[in-house]
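Peer 1: Got a sequence here, can you model it:
(one chain, ligands or ions: 2)
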Amino acid sequence: MLVGLATGLLGLGIAELGAALLAPDGSPLVAVGDAVIATLPGPMINFGKAVLGTADKPVLIIIIALVSLAVAGLAGWSELRVRFAGIVPVAVLAGLALFAIGARGPDSALAYVPMIIGSVVAYLILRALLASLRPRQTGPVSAGRRNLLGSTILVAALGAVGTVAGRALAGASQAITEARDRVLLPAPSRPAAPVPAGADLRIPDLTPYVTPNDAFYRIDTALQVPRIDPANWSLRVYGMVEREITISFAELLQKPLEEHLVTLCCVSNEVGGSLIGNARWLGYPIRDVLAAARPKAGADMVLSKSQDGFTAGTPLEVLTDRNRQSLLAIGMNGEPLPVEHGFPVRMVVPGLYGYVSATKWVVELKVTTFAADMGYWTPLGWSALGPIKIASRIDTPRSGVTAGTVMIAGVAWAQHTGIGRVEVKIDNDAWQEARIADVTGPDTWRQWSYEWSASPGNHMITVRATDATGQVQTEQSAPPAPDGASGYHTVSINVS
Ligand SMILES: Nc1nc2c(c(=O)[nH]1)N[C@H]1C(S)=C(S)[C@@H](COP(=O)(O)O)O[C@H]1N2
Ligand SMILES: [Mo]
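Peer 2: Ligands and ions are numbered 1, 2, ... in the order given. I've put the predicted structure just below:
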């Protein structure tokens, strides 16, 4: 069984490393992972997401690897008993992986090659290693076994190195990184309003007003980030339109582009959570794309689709709204979109959670109806509509402080309406008005601070926000599913 396990690992290593070098579509771990996600029932996906959070993907990949290795162990066990019997488990594993690779619609047949070579080599090495265990073997058995142990360890180590190296290489993808480096972002014909100096209160541990790209939260269903060469990218707009249109990346760069600061937020963000970030997005207004396609009467939704099959359903009226800066974005904080944030093109829609609006690696806009179509998360139990709820968060303090003047500070958001006021409550005292920072507009979060004279002991700090129309954040606590968490963020602080 151990020999089977080791050779299984070798086969996996050959397949993963081969896929990384030859054909990114050929990674058996990613293909099987995608197939498992596509097959799992909705409640299990939600359960995994709730329990594991962003660790869900690595955990899934590790489970798949462990199950495969157990089956490979079985191949060793049966091969030792009956010659060629080990072919059955190996063929089952290879067959499932090849089927899963095929299901993703690979770019070329090359995608099947690493897995085929990996399983054939693994089986041949398995046979070679097991030969020394057969009773008919002449010579001293103990020496054969010692050699076998050494060879098995070597084979397993090679396999492990290949698997890890393959996964690591696949993550980077030189070709797309280079293509991204070559993109020259045009200057916007409508630049973003400059960030006022007073937008950042510059308090230690307070989240910066603009989130740097490398600190921006990442949420998506992609086990492997889609790699799209801008030269091959196009956006197809179809469905309930008078005129179907297709836009290439070169054409998009020629359009009059605009830049807007917009705070993106994930519906899975817990009260006080960090699945939110603010960036300066450069792009072409989605309303202008839609205007060129001329939606037909009766349409009320745009189903955007990513290259890897994710979909989001966004109300058509939000995307055509003159006063809402929905973008087909190509730039993030002055750089081409990072690959994991949607390179070369994604959607950004102020005021809606990402799962119903912020499609990364977007390649299709289907003008349709909520009655006829659903975005990816809706059949999994999430609301079809996802307006962002008014929320506020305490960034500092989060742990013990010393008595005296303590700066309490955080961020509050009510995208597209804007934050009008923030209040802080210490223990059961009355609500106190916090100072609110400047903003570029209603589509971003807003920093706030409150100077507290902290007395020794344990204290509870609570924050609540009110939007620009006077609507107060609800105290009613709700979990993220189905349409976003609510309730007040509180922290309990020991003052010494
Ligand atoms: N292609 C694709 N786009 C996607 C998703 C996805 O799973 N696949 N997730 C959405 C969700 S749920 C969120 S919150 C935002 C997150 O964008 P970010 O990763 O750039 O922060 O992307 C949205 N766009
Ligand atoms: Mo999300």
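Peer 1: Can you name the residues that contact K49?
Peer 2: Contact criterion Cβ atoms under 8 Å, 6 or more residues apart in numbering gives D56, S268 as the residues in contact with K49. In short, each C-beta sits where N, CA and C put it, glycine included.
Peer 1: do the one 5 residues further on as well
Peer 2: Applying Cβ under 8 Å, 6+ apart, we find T54 in contact with R218, I219.
Peer 1: And the pLDDT for it?
Peer 2: The confidence metric pLDDT takes the value 78 at T54.
Peer 1: can you check R180 too?
Peer 2: For R180, the model assigns a pLDDT of 93.
Peer 1: pLDDT weak spots in this protein?
Peer 2: In the prediction, the chain carries residues with pLDDT under 70 at positions 135-144, 171-174.
Peer 1: Up against ligand 2, what does it have?
Peer 2: For the chain, the residues found near ligand 2 under the criterion Cβ under 5 Å from the ion are I219, C266, G354, Y355.
Peer 1: for those, which one is nearest Y284?
Peer 2: Y284 lies nearest to G354 out of the residues of the chain next to ligand 2, by Cβ to Cβ, at 19.4 Å.
Peer 1: coming back round to it: output those of the residues of the chain next to ligand 2 also counted as contacts of ligand 1.
Peer 2: Of the entries in the residues of the chain next to ligand 2, the ones placed beside ligand 1 under the rule of Cβ under 6 Å from any ligand atom are I219, C266, G354, Y355.
Peer 1: Redo those residues as CSV? Include neighbour count.
Peer 2: Conversion of these to CSV gives the following (neighbours: other Cβ atoms under 10 Å):
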residue, neighbour count
I219, 17
C266, 21
G354, 26
Y355, 26
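Peer 1: Which single one of those residues is nearest to P186?
Peer 2: The shortest distance between P186 and any of these, using Cβ to Cβ, involves G354 and amounts to 25.8 Å.
Peer 1: In three-state terms, how would T405 be classified?
Peer 2: Of the three states, T405 takes strand according to DSSP: H, G, I helix; E, B strand; the rest coil.
Peer 1: Pull the number of nearby residues for it.
Peer 2: T405 sits with 9 neighbouring residues when counted by other Cβ atoms under 10 Å.
Peer 1: sorry, back to before: go through the ones next to ligand 1 among the residues of the chain next to ligand 2 and name the one nearest ligand 1.
Peer 2: Among these, G354 lies closest to ligand 1 (Cβ to the nearest ligand atom), at 2.5 Å.
Peer 1: my read: that closest one touches V267, true?
Peer 2: Yes. If you go by Cβ atoms under 8 Å, G354 and V267 touch, sitting 7.1 Å apart.
Peer 1: so what's in contact with these two at the same time?
Peer 2: In the contact map built from Cβ under 8 Å, 6+ apart, no residue is linked to both G354 and V267.
Peer 1: Which residue ranges of the stretch 101-250 of the chain form strands?
Peer 2: 234-239, 245-248 (DSSP state E, counting those that start in this stretch).
Peer 1: Go through the last one and flag the buried ones.
Peer 2: Buried residues in strand 245-248, counting neighbours by 16 or more other Cβ atoms under 10 Å, are found at I245, I247.
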